[in-house]
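Enquirer: Got a predicted structure here, sequence first:
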Amino acid sequence: MKKVLILAIAALSFTACRNANNSTTAVAGGDSSANTISSPDAAIIVFESDIFDFKKINQGEKVQHDFKFKNTGKSPLIISNATATCGCTVPEVPKEPILPGKEGVIKVIFNSEGKEGMQDKVVTLTSNANPTIATVHLVGEVLTKK
């Protein structure tokens, strides 16, 4: 009897946890995939190009690219974090806010040491812009050392 009671409690607990994880929050416009409602005055980051193809390079070479962007929103743009898919890719973001209508640069360096074949290095940016997450890509092929 005790085993049945314990199993019943465990099953109820499991079901309650699953329901809590599946719940969503409704937002304006009926889009339940977003977690927050953005201000109409939020910053907006627009890249000249969010993908840079470095073509073919030899293993061990470094690639540097400046991703140029503009804040087309109504508030200053503040980039709070920039992370890359691996330690071989290092992003540098502006420390100061980018005012509305102004431009900025995100410098990305990819070190191909120990890499080979097709590469797609993603840099994820977190900011106060709408949307809050943006990505840029460095793509190309690393040729094996001979």
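Expert: Received the coordinates, thanks.
Enquirer: make it CA atoms for all contacts and neighbour counts henceforth
Expert: Will do.
Enquirer: Point to the helix or strand of this protein where mean pLDDT is at its lowest.
Expert: Within the chain, no helix or strand scores below helix 2-22, which has a mean of 48 by mean pLDDT, DSSP states H and E.
Enquirer: after it, next one along is what?
Expert: Where DSSP states H and E defines the elements, the next helix or strand beyond helix 2-22 is strand 45-47.
Enquirer: what's next to that following strand, contact-wise?
Expert: Contacting residues not belonging to strand 45-47 are listed as 67-73, 77, 129-130 [Cα atoms under 8 Å, 6 or more residues apart in numbering].
Enquirer: Of those, keep whichever come out buried.
Expert: The neighbour-count test (16 or more other Cα atoms under 10 Å) applied to the contacts of strand 45-47 identifies 67, 69-73, 77, 129-130 as buried.
Enquirer: okay if I get those as CSV plus secondary structure?
Expert: Shown next, in CSV, are the buried ones among the contacts of strand 45-47 (DSSP: H, G, I helix; E, B strand; the rest coil):
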residue, secondary structure
F67, strand
F69, strand
K70, strand
N71, strand
T72, coil
G73, coil
L77, strand
A129, strand
N130, coil
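Enquirer: Residue nearest the middle of this protein, spatially speaking?
Expert: In the chain, the centroid-proximal residue (Cα atoms, centre = their mean) is T124; its distance is 2.6 Å.
Enquirer: buried residues in the helix or strand where it lies?
Expert: Assigned by DSSP H and E, T124 belongs to strand 117-127. For strand 117-127, a neighbour-count test (16+ other Cα under 10 Å) marks 119, 121-127 as buried.
Enquirer: how close does the residue lying closest to N58 once chain neighbours are set aside get to G117?
Expert: Among residues not flanking N58 along the chain, L143 sits closest, at 4.8 Å (Cα to Cα, 6 or more residues apart in numbering). Between L143 and G117 the distance is 6 Å, computed by Cα to Cα, to the nearest Å.
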